[in-house]
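[1] I'll drop the sequence and a predicted model, then ask my questions.
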There are 2 protein chains.
Amino acid sequence: MTSPPPPPVASLLPSFTPTRLLNTDQAGRRISLLGTISSTPALLLAERAAFSTTPSALPALTTTLTNIKNLGANDIYFWFLANTTPDPSIPDLKLNLIYPCTDAHIKKYSAQPLRMVTETPEIYAQYVRPFMQAKRDQGRLDWVFNIIEGRKEQEDVIYREHGEEGFLLLPDMNWDRKTVGSLHLLGLVERRDVWSVRDLRKGMVGWVSHMREKLLDATVGLYPEVERDQLKLYVHYQPTYYHFHIHIVHVSLEAGGTQATGKALGLENIISQLETLQGSDDAGMADVSLAYHLGEASELWEKIYLPLKEGRSVDLDKF
Amino acid sequence: MTSPPPPPVASLLPSFTPTRLLNTDQAGRRISLLGTISSTPALLLAERAAFSTTPSALPALTTTLTNIKNLGANDIYFWFLANTTPDPSIPDLKLNLIYPCTDAHIKKYSAQPLRMVTETPEIYAQYVRPFMQAKRDQGRLDWVFNIIEGRKEQEDVIYREHGEEGFLLLPDMNWDRKTVGSLHLLGLVERRDVWSVRDLRKGMVGWVSHMREKLLDATVGLYPEVERDQLKLYVHYQPTYYHFHIHIVHVSLEAGGTQATGKALGLENIISQLETLQGSDDAGMADVSLAYHLGEASELWEKIYLPLKEGRSVDLDKF
């Protein structure tokens, strides 16, 4: 990559020339813009800043409005658009700049079309399980094994039970570790033969229920301001990595795509589904169909579901 | 209610005196404020407006920034706060005002604590089913029966099959009926003995699968720019009203609380769960536990789950 002399940081934003709008969230308050600074690709993520809700800022909100435009009124309901008066102490934009940016950045911040797929027990056994095996073989779980075997992040472990049915509890990396209303913890199992919810069987209900109890106990033990019925437990399918883990979040945590149907399954519902599943103790979640959404740029879509949709064969050697 | 002479609409906002912050979403870009106008309670909902993404507005975004403050930089990543320059043609706030407002408005827009509950088959049979019966008896479903019996909203019906296993498809009232990326339709069953997902039984799998196929067919027939695998089908439990209905949304629709685990269940997963459920054709979703979240101000929490938690008896006569 050619390296033009970098402009001073303060002049980066005014030097940004937009070329393409990559994405906008549904409410339009976050946008991703591709552009250039000194002829070099740059990516700008702009979002409206939070309102200042300090006691001094609130009264100023309405008294300093300009350009008030009344859009309509119906009985006691009134709609307006307006501008805030710029006050240097209250920024109204947050901006992230990636400069210079690469194609990977552009892909990551572009709107990605999604597809719904239904993974039958047959598709799971024939294609998805081998895909999981390939991902595990590629060493992507080393960070998990480092935690389980005590080499990394031991200071973060909140609760642990050792052994064949062991598991441990630690903060999710996206949590700030202090805002209880957005609490997000992870329960990781020790055993390596449970890759995902697909590996849970009827005979494991006692173990999973025990983990659920202990994960709840440990969480309310460490965060006494939280009650058990303020915690939501779920698993992802498809998960990001193939070592079984349980998400424990505060029920008030804003539910985005990560908790959505088509991605998240409630742990209590899974336990009950296993209990009432037909068959012996070996029957399990590998015997049911699971529907979920996938990005068109995901490997599962590109290597399994798109070929299946188009009637092409799936090449297991390319996993 | 005393009625002071109402101020002119243009002066309502500057006359608003905030008294209490009722709620703020996690990102802080939407707030609900209780206050007064001329000593009368008023409720102000303020939210950051969407960015203008017209070709002329995008270049202006970065060139007219003021008070740029660099928060940090790491390699190619830079963080800033800044103010937009007020341009009367690009409002940066949307404001909804309710004036005068009532206690019901205040409750509706206040942050509501949530609780997770696990509804066992026993709790369902003993308390929740009678609760549903009471709600149905209170005539809250008249609007549904008006549609089913052809008295209302017939112009909206997209697809319909008549009879004991009949159902119809129409737009959800929250959809603008044109933005395909946020498409949201509702499938309503004709029969009145299926109040919720709890009434689905193994013997109904053929019917539910048939409905799924026909709902997908009808949707892609009417909106040819949508493919079948771009549609997500789910049901709510607990639902808002007790007449079985299926949500059909575009997979790219931003998933908020309404699609979250603890509220939404994927239809394909339900079908597969029924197929693999132990027992005869009469076995069904009434035989499993379902976990969900409830607002503390909801009737189900106040009348069933809070008494159960506190070891008090549930008074079925108060449903």
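    Thanks, I have the structure now. Numbers count the residues shown, from 1 in each chain, chains lettered A, B, ... in the order given.
[2] any idea where the strands of the stretch 51-200 of chain A begin and end?
    Applying DSSP state E, counting those that start in this stretch to the stretch 51-200 of chain A gives strands spanning A:66-74, A:77-83, A:93-98, A:114-119, A:159-161, A:167-171, A:184-189.
[3] Select, out of these, the one closest to A:Gln230.
    Proximity to A:Gln230 (CB to CB) singles out strand A:184-189 among the strands of the stretch 51-200 of chain A, at 12.9 Å. All C-beta atoms are positioned from the backbone trio N, CA, C, and that covers glycine.
[4] partner strands of the closest one, parallel or antiparallel?
    When pairing is defined by DSSP bridges, strand A:184-189 lines up against strand A:167-171 (antiparallel), strand A:245-250 (antiparallel).
[5] Low-confidence ranges, chain A, go.
    A:1-6, A:26, A:86-89 (pLDDT under 70).
[6] ok so, going back, and the strands paired with strand A:184-189 as a markdown table, adding mean neighbour count?
    Below are those laid out as a markdown table (neighbours: other CB atoms under 10 Å in any protein chain shown):
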| stretch | mean neighbour count |
| --- | --- |
| strand A:167-171 | 21 |
| strand A:245-250 | 22 |
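[7] returning to that earlier point: among the strands of the stretch 51-200 of chain A, which comes closest to B:Tyr305?
    Comparing the strands of the stretch 51-200 of chain A by CB to CB, strand A:184-189 comes nearest, at 24.0 Å.
[8] what's the burial count for the closest residue to A:Leu316 other than its chain neighbours?
    Among residues not flanking A:Leu316 along the chain, A:Pro130 sits closest, at 5.3 Å (CB to CB, 6 or more residues apart in numbering or on different chains). Number of residues near A:Pro130 (other CB atoms under 10 Å in any protein chain shown) recorded here: 16.
[9] same deal with A:Gly28?
    Neighbour number of A:Gly28 under other CB under 10 Å is 14.
[10] Kindly report the same for A:Asp156.
    Neighbours around A:Asp156, by other CB under 10 Å: 14.
[11] right, and it touches A:Asp172 too?
    No: assessed by CB atoms under 8 Å, A:Asp156 is found out of contact with A:Asp172, at 10.3 Å.
[12] Give me the common contacts of those two.
    By CB atoms under 8 Å, 6 or more residues apart in numbering or on different chains, A:Asp156 and A:Asp172 have no common neighbours.
[13] what about the helices in chain A?
    A:57-63, A:103-109, A:121-123, A:129-137, A:142-148, A:205-222, A:267-275, A:299-300, A:306-309 (DSSP state H).
[14] from those, which stretch is densest packed?
    Comparing the helices of chain A by mean neighbour count (mean count of other CB atoms under 10 Å in any protein chain shown), helix A:267-275 ranks first with a mean of 22.
[15] and the angle from that one to strand A:184-189?
    Helix A:267-275 and strand A:184-189 are oriented at 30 degrees to each other (axes from the mean of the first three to the mean of the last three CA atoms, to 10 degrees).
[16] and helix A:267-275, what does it pack onto?
    Judged by 3 or more CB pairs under 8 Å, 6 or more residues apart in numbering or on different chains; DSSP states H and E, the packing partners of helix A:267-275 are helix A:205-222, strand A:231-236, strand B:290-295.
[17] distance between it and the chain's centre?
    Distance of helix A:267-275 from its chain centroid, counting by CA atoms, centre = their mean, to the nearest Å, is 23 Å.
[18] contacting residues around that helix?
    A:197, A:200-202, A:204-205, A:208-209, A:212, A:233-235, A:246, A:284-285, A:288, B:118, B:265, B:273, B:288-291.
[19] Then stretch A:64-72?
    With CB under 8 Å, 6+ apart, stretch A:64-72 has contacts from A:78-85, A:87, B:9-10, B:13-14, B:86, B:88, B:91, B:93.
[20] let's see it at 7 Å
    Stretch A:64-72 has contacts (CB atoms under 7 Å, 6 or more residues apart in numbering or on different chains) with A:78-85, B:9-10, B:13-14, B:86, B:88, B:91.
[21] ok, so of those residues, who is nearest B:Phe51?
    B:Pro91 (11.0 Å).
[22] what's the closest non-adjacent residue to the closest one?
    That would be A:Leu81: by CB to CB, 6+ apart, it lies 3.7 Å from B:Pro91.
[23] That neighbour: how many residues sit nearby?
    Neighbour number of A:Leu81 under other CB under 10 Å is 17.
[24] Give the bridge partners for it, please.
    A:Lys69, B:Lys94.
[25] before we move on, the earlier item: please check the contacts of helix A:267-275 and keep the buried ones.
    Among these, those classed as buried by 16 or more other CB atoms under 10 Å in any protein chain shown are A:197, A:200-202, A:204-205, A:208, A:212, A:233-235, A:246, A:284-285, A:288, B:118, B:265, B:273, B:288-291.
[26] Nearest spatial neighbour of A:Asn146, chain-adjacent residues omitted?
    In space, A:Asn146 is closest to A:Lys152, 3.9 Å off (CB to CB, 6+ apart).
[27] how near is the residue positioned nearest the centre of chain A to chain B?
    Central residue of chain A (CA atoms, centre = their mean): A:Thr258, 4.4 Å from the mean position. Per CB to the nearest CB, to the nearest Å, A:Thr258 is found 9 Å from chain B.
[28] Give me the nearest residue to A:Ala300, chain neighbours excluded.
    Heads up, residue A:300 is Leu, not Ala. A:Leu294 (5.4 Å).
[29] got a list of what the residue nearest to B:Pro91 touches?
    Contacts of A:Leu81 (CB under 7 Å, 6+ apart): A:69, A:71, B:49, B:91, B:93-94.
[30] Likewise for A:Lys107?
    A:Lys107 sits next to A:Ala297 when contact means CB under 7 Å, 6+ apart.
[31] of all the residues in the stretch 101-250 of chain A, which ones are close to chain B?
    A:101, A:114-118, A:182, A:229-232, A:234 (CB under 7 Å from any CB of the partner chain).
[32] Let me see the domain layout of chain A.
    Dividing chain A into domains by automatic domain parsing, as the record does, gives the ranges A:9-47, A:62-97, A:110-318.
[33] would JSON lines of those domains with distance to B:Leu141 be doable?
    Below are the domains of chain A laid out as JSON lines (distance: least, CB to CB, whole Å):
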{"stretch": "domain A:9-47", "distance to B:Leu141": "31"}
{"stretch": "domain A:62-97", "distance to B:Leu141": "26"}
{"stretch": "domain A:110-318", "distance to B:Leu141": "25"}
